[in-house]
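What would the 3D arrangement of this be:
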Amino acid sequence: MKRNSPQVVDMSKLEILTYPEKFLFHPVEPVENIDGGVQEMIDKMAATMYAAPGVGLAAIQVGWGKSLLVYDIAPQRDERSLHVLINPRIVVAEGEIISENEGCLSVPDFRSDVKRAAAVTVEAADREGKPLRIDAEGMLAIVLQHEIDHLQGTLFIDRLSSLKRELYKRRMKKKLRMK
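Predicted coordinates:
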């Protein structure tokens, strides 16, 4: 199912698509023009991410197949620090770290350890279209890798062992049958 516009729940928040929604497994297209529609999407994605609550959200997670993500890893709600990346790509990935207890708004009620690069360099544009280069490690590197994976059609469960992934899939199929 191809979605061209997000499903709006209210004026400020969007519906977050969850596994096994097939749309989540398709790579997105680049944002060609940063116009008023893109700015509105950024604002709605931020509201959705904060309400969830989450630390990152990719456009594909709200049914919009464009290369856009928002994130905020500030420790407290009062210290919000929203960041927007348009057409992000990892240009350098170094080292290895285990992201402990990683979770995802599109994979509810499941957390697991995930192998990630310890440090990444990401190139993107900000919400005004200005080029950015981010050198990240730790939590920021993990969040950037997780959200950029979404833009490529990859969920964090795709990075788990086949056994852990199958256990989650079976649990979700059972849950869906019970509805």
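
Let me know the secondary structure of the residue lying closest to I34 once chain neighbours are set aside.
Excluding the flanking residues, the one nearest I34 by CB to CB, 6 or more residues apart in numbering is G129, at 4.9 Å. C-beta: built from backbone N, CA, C; applies to glycine. Here G129 is coil, with the state taken from DSSP: H, G, I helix; E, B strand; the rest coil.

mind listing what E29 touches?
By CB atoms under 8 Å, 6 or more residues apart in numbering, E29 lies in contact with G65, K66, S67.

rerun that using 6 Å as the cut-off
Applying CB atoms under 6 Å, 6 or more residues apart in numbering, we find E29 in contact with G65.

Quick check: it vs S67, distance?
7 Å (CB to CB, to the nearest Å).

Kindly report the same for Y168.
When Y168 is compared with S67 (using CB to CB), they lie 27 Å apart.

which one of those two has more residues nearby?
It is S67, of Y168 and S67, that has more neighbours when counted by other CB atoms under 10 Å, with 24 against 18.

what does the helix or strand bottoming out on mean pLDDT in the chain contact?
In the chain, no helix or strand scores lower on mean pLDDT, DSSP states H and E than helix 162-178, which sits at a mean of 85. Residues from elsewhere that reach helix 162-178 (CB under 6 Å, 6+ apart): F110, I157.

Same question for stretch 69-82.
Residues from elsewhere that reach stretch 69-82 (CB under 6 Å, 6+ apart): 45-46, 49, 55-58, 83-85, 139-140, 143, 147.

among those, which ones are buried?
Among these, those buried by neighbour count (16 or more other CB atoms under 10 Å) are 45-46, 49, 55-58, 83-85, 140, 143, 147.

Among these, which one lies nearest to I98?
Closest approach between the buried ones among the contacts of stretch 69-82 and I98, by CB to CB: V143, at 15.0 Å.

Tell me which residues of the helix or strand harbouring the closest one come out buried.
Using DSSP states H and E, V143 maps to helix 138-151. For helix 138-151, burial by neighbour count (16+ other CB under 10 Å) applies to L140, A141, I142, V143, L144, Q145, H146, E147, I148, D149, H150, L151.

And stretch 108-122, by the same measure?
Within stretch 108-122, the residues scored as buried using 16+ other CB under 10 Å are F110, S112, V114, R116, A117, A119, V120, T121, V122.

Which two of those have the greatest separation?
So, these by CB to CB: farthest apart are F110 and T121, at 29.4 Å.

Contact partners for the closest residue to M49 other than its chain neighbours?
Spatial nearest neighbour of M49, excluding adjacent residues (CB to CB, 6+ apart): L57 at 4.1 Å. Listed by CB under 6 Å, 6+ apart, the contact set of L57 reads M45, M49, V70.
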